[in-house]
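Q: sequence unknown, structure follows:
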């Protein structure tokens, strides 16, 4: 279920409205992450490459087979849509009809050998995106000890400021004086005179410890949690799990003023620890997510410390109380065996857990520090600043897309990120078990406008930005430039043919995905070339091309069927009359709610689900389209904003020839079947829409709703005979029934 696919849909609509140049638009959809690194709001463009079907079963059981199949979907989609070629026919052998050798097909597969598919993080606000990317680069510089980045004047000034803020002494800690100890699952907590707390008695799978105490300090800035090893615990503790570990899901700290009984939650600004288990960091103990936690495995049998710095100082009276909740909800007996809580009034409590190299550098006078000590300090300050910046930013958005930054893709047991493009081989007769020569990334050798094989070198002349360029990125960038080249005839002709098809119902080439030998010949080849030239000359403006077509004499001709012309050209291939098309499924549905003035013009956002979702069987959900309540506000959104399951069609839309989304559908079929007639007459949405329309006509023209119906649905007044018949029908069956007849008529459903 691709719940994050909708940002790509919104990107497409916005790009069309803005008239993004055709060639630039395609470059964005193939390589926005590398061509436009300073525009993270363009990341949804990469949803294009991820839009194909996903073979979950093969991905889980046969990774190599899945890789080839998944890349085949990308190659087929890109080349069929953008160049109208059937490159995928060369998967098992040289193309039988077109000059496309098998090596070209696998060269295109190699282009996509380094991308994965998943929920990719991005920022819709460019400024936030720039701040996040800057923080991530700073974090990476700190981790890799990048001397050039860490010795910048700005960062050195930040180090000086940070050092001045820390002071010279480590914070002193005062143990919390225990008043009460409670648990929710039966663990017995025993305090000692040193305020150590030992967990004894039953060992439940989960536990929530609630400790209430006092302190003589008048102000506190942080709390320290110490967990201790003990030979009585498994593996020496400090946890009660058999392996000595524990998992602290959440820590919640509260303040109860002396004159109140209601606790006030204390905001925690930062948490640090002396050791974090991989994937179970101390940050998880304050993230509000009880499914994450802090752990210390494999460093068991040792004491450990975590410090929680408050967002602001807490002023206290002598009789105020502090309440600490230690929520240990992971299960499997991952609970703490022995611990102590302390507080401090010093302003930087996390100073006590500074890494040893940082503490050593701070102990040396500033003008006597070695280069290594200065780098160590700068790396620590950079990592702290980066972490603080990332925490202050709003969470990123997600789009289901491809990415070369694999850390943003979800890991699973069968689909793990990789760090470099996988090797692709030309397969003997397409057999996975019979690899031959390794494929070099590239495109079609039959076109000579640009080199057909790509290098894995830098994808840009701006070599200072080597952090975003790698061999995978250079391949997609090279393909994007090869496709959108000004002299690539297939690229410009293909989109012109599709736009012509949109307006006339049939393309100049009526096989829009196949310009090859097995496709149709163009009816007007010179016109196709001239329109492609006009699109390119106007900077790729599709709005200009639309205007050029709809203001043409060919488009404005009457759609009357002249017998003399029809006998010669019954299919109107020569465009001797204007186009005649039936409303497609989406247009029909939207027309009904638009004419009833109940359409929701809201743009963008999460898709509307016009069904009831039941429990799934494995990964296939149960979808009920038959009992949806059409009075809900979401039912009035335009059809482009509906949620569609690939492979589980809406019966109403399917009856109106909405295509199977598991297949590329360059041309929609137009059918007339009994099921279609039944759907248009009896479907619950049609019944609901007919009543809405009738109510609207009655409301705007209570004296003559029949005339209002004809004016709105047919754009004309009824003839006298029609008025008599319509009035009789209204009297017998009601206005909604009359409307239902009218919206089933050819005059409403056929554009001419």
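A: Structure received. Just so we're clear, the structure is a prediction, and the values are computed from it rather than from any experiment.

Q: so where do the helices sit in the stretch 351-500 of the chain?
A: Taking DSSP state H, counting those that start in this stretch as the criterion, the stretch 351-500 of the chain carries its helices at 356-362, 371-392, 471-483, 489-504.

Q: what's the spacing between the longest one and its chain's center?
A: Think helix 371-392. Its chain's C-alpha centre and that of helix 371-392 lie 30 Å apart, by C-alpha atoms, centre = their mean, to the nearest Å.

Q: List of residues touching that helix?
A: Contact with helix 371-392 is made by 131-132, 134-136, 138-139, 141-143, 145, 147, 149-151, 155-156, 158-159, 162-163, 270, 354-355, 357-358, 360-362, 364, 369, as judged by C-beta atoms under 8 Å, 6 or more residues apart in numbering. For every residue, glycine as well, the C-beta is placed using N, CA and C.

Q: Please identify the buried residues of that helix?
A: Across helix 371-392, burial judged by 16 or more other C-beta atoms under 10 Å covers 373-387, 389.

Q: Quick check: which element contains residue 592?
A: Per DSSP states H and E, residue 592 falls inside helix 585-595.

Q: Run through who's touching that helix.
A: Applying C-beta under 8 Å, 6+ apart, the set of residues contacting helix 585-595 is 583, 599, 636, 638-640, 652-653, 656-658, 685-686, 689-690, 692-693, 696, 712-713, 743, 748-749.

Q: and if you look at stretch 482-496?
A: 22-24, 26-27, 30, 78, 81-85, 443, 447, 449-452, 454, 508, 512, 515, 528-529, 531-533, 535-536, 542, 545.

Q: Among those residues, which lie within helices?
A: 22-24, 26-27, 30, 78, 81-83, 528-529, 531-533, 535-536, 542, 545 (DSSP state H).

Q: Filter those residues down to the buried ones and hand me the ChimeraX line.
A: Here is the ChimeraX command that picks out the buried ones among these, judged by 16+ other C-beta under 10 Å:
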select :22,23,24,26,27,30,78,81,82,83,528,529,531,532,535,536,542,545
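
Q: Helix or strand: which one has the closest residue to residue 192 other than its chain neighbours?
A: Leaving out its chain neighbours, the residue that sits closest to residue 192 by C-beta to C-beta, 6 or more residues apart in numbering is residue 198, at 7.2 Å. For residue 198, the host element (DSSP H and E) is strand 197-200.

Q: Could you list the buried residues of stretch 483-496?
A: Neighbour-count burial for stretch 483-496 flags 483, 484, 488, 490, 491, 492, 493, 494, 495, 496 (criterion: 16+ other C-beta under 10 Å).

Q: pLDDT below threshold where in the protein?
A: 166-170, 351, 404-419, 457-470, 616-619 (pLDDT under 70).

Q: again, only using 50
A: Where the chain drops to pLDDT under 50, the residues are 406-407, 411-413, 459-469.

Q: longest strand in it, by residue count?
A: Of all segments of type strand in the chain, defined using DSSP state E, the longest is strand 304-315.

Q: Would you give the sheet partners of that strand, along with the direction of each?
A: strand 219-227 (antiparallel), strand 268-273 (antiparallel) (DSSP bridges).

Q: picking that back up, and the helix holding residue 592, how far out from the chain's middle?
A: 29 Å.

Q: ok, now stretch 532-546?
A: 31 Å.

Q: outside of it, which residues touch it?
A: By C-beta under 8 Å, 6+ apart, stretch 532-546 touches 16, 19, 21-25, 486, 489, 492-493, 495-496, 499, 503, 531, 548.

Q: Now do the contacts for the residue lying closest to residue 729 once chain neighbours are set aside.
A: Spatial nearest neighbour of residue 729, excluding adjacent residues (C-beta to C-beta, 6+ apart): residue 738 at 5.2 Å. When contacts are counted by C-beta under 8 Å, 6+ apart, residue 738 touches 694, 706, 709, 726, 729, 730.

Q: Give the ChimeraX command for selecting the buried subset of the residues you listed.
A: To isolate in ChimeraX the members of the contacts of residue 738 that are buried, counting by 16+ other C-beta under 10 Å, one can use:
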select :694,706,709,726,730
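
Q: just the contacts of residue 738 now: which is nearest residue 122?
A: Taking C-beta to C-beta as the measure, residue 122 lies nearest residue 694 of these, at 45.6 Å.

Q: ok and the helix or strand harbouring the closest one relative to helix 585-595, angle-wise?
A: Using DSSP H and E, residue 694 maps to helix 684-700. Interaxial angle, helix 684-700 versus helix 585-595 (axes from the mean of the first three to the mean of the last three C-alpha atoms, to 10 degrees): 30 degrees.

Q: List the buried residues of helix 684-700.
A: Those would be 685, 686, 688, 689, 690, 691, 692, 693, 694, 695, 696, 697, for helix 684-700 by 16+ other C-beta under 10 Å.

Q: circling back to that earlier point, and the very next helix or strand once past the longest strand of the chain, which strands flank it?
A: With elements assigned by DSSP H and E, the helix or strand that comes after strand 304-315 is strand 321-328. Sheet partners assigned to strand 321-328 using DSSP bridges are listed as strand 207-214 (antiparallel), strand 250-256 (antiparallel).

Q: what about strand 321-328, distance to the chain center?
A: 37 Å.

Q: which outside residues touch it?
A: Outside strand 321-328, the residues touching it (C-beta under 8 Å, 6+ apart) are 176, 179, 206-215, 220, 223, 225, 246-256, 258, 263, 290, 293, 334-336, 339, 341, 343.

Q: Any of these buried? List them.
A: Here, 16+ other C-beta under 10 Å leaves 176, 206-213, 215, 220, 223, 225, 246-256, 263, 293, 334-336, 339, 341, 343 buried among these.

Q: For the buried residues of helix 684-700, could you give me JSON lines that also reports distance to residue 395?
A: Output for the buried residues of helix 684-700, formatted as JSON lines (distance: C-beta to C-beta, whole Å):
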{"residue": "685", "distance to residue 395": "37"}
{"residue": "686", "distance to residue 395": "42"}
{"residue": "688", "distance to residue 395": "38"}
{"residue": "689", "distance to residue 395": "39"}
{"residue": "690", "distance to residue 395": "44"}
{"residue": "691", "distance to residue 395": "43"}
{"residue": "692", "distance to residue 395": "39"}
{"residue": "693", "distance to residue 395": "43"}
{"residue": "694", "distance to residue 395": "47"}
{"residue": "695", "distance to residue 395": "43"}
{"residue": "696", "distance to residue 395": "42"}
{"residue": "697", "distance to residue 395": "47"}
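
Q: closest to residue 566 among those?
A: Distances from residue 566 to these, taken by C-beta to C-beta, are shortest for residue 686, at 33.1 Å.

Q: list the contacts for that closest one?
A: Contact analysis of residue 686 by C-beta under 8 Å, 6+ apart lists 592, 679, 680, 740, 743.

Q: which of those residues sit farthest apart?
A: Pairwise distances across those peak at 13.1 Å for 592 and 679 (criterion: C-beta to C-beta).

Q: neighbour count winner among these two?
A: residue 592 (22 against 18; other C-beta atoms under 10 Å).

Q: Against residue 744, how distant is that one?
A: 11 Å (C-beta to C-beta, to the nearest Å).

Q: Same question for residue 129.
A: With distances taken as C-beta to C-beta, residue 129 is found 50 Å from residue 744.

Q: Those two: which has the busier surroundings?
A: Using other C-beta under 10 Å, the more surrounded residue of residue 129 and residue 744 is residue 129, with 21 against 14.

Q: so what secondary structure elements neighbour the host helix or strand of the more buried one?
A: Element membership for residue 129, per DSSP H and E: helix 126-144. Using 3 or more C-beta pairs under 8 Å, 6 or more residues apart in numbering; DSSP states H and E as the contact test, the elements touching helix 126-144 are helix 147-150, helix 371-392.

Q: how many neighbours does residue 144 have?
A: Residue 144: 11 surrounding residues under other C-beta under 10 Å.

Q: whoops, residue 191 was the one
A: Count around residue 191 with other C-beta under 10 Å applied: 17.
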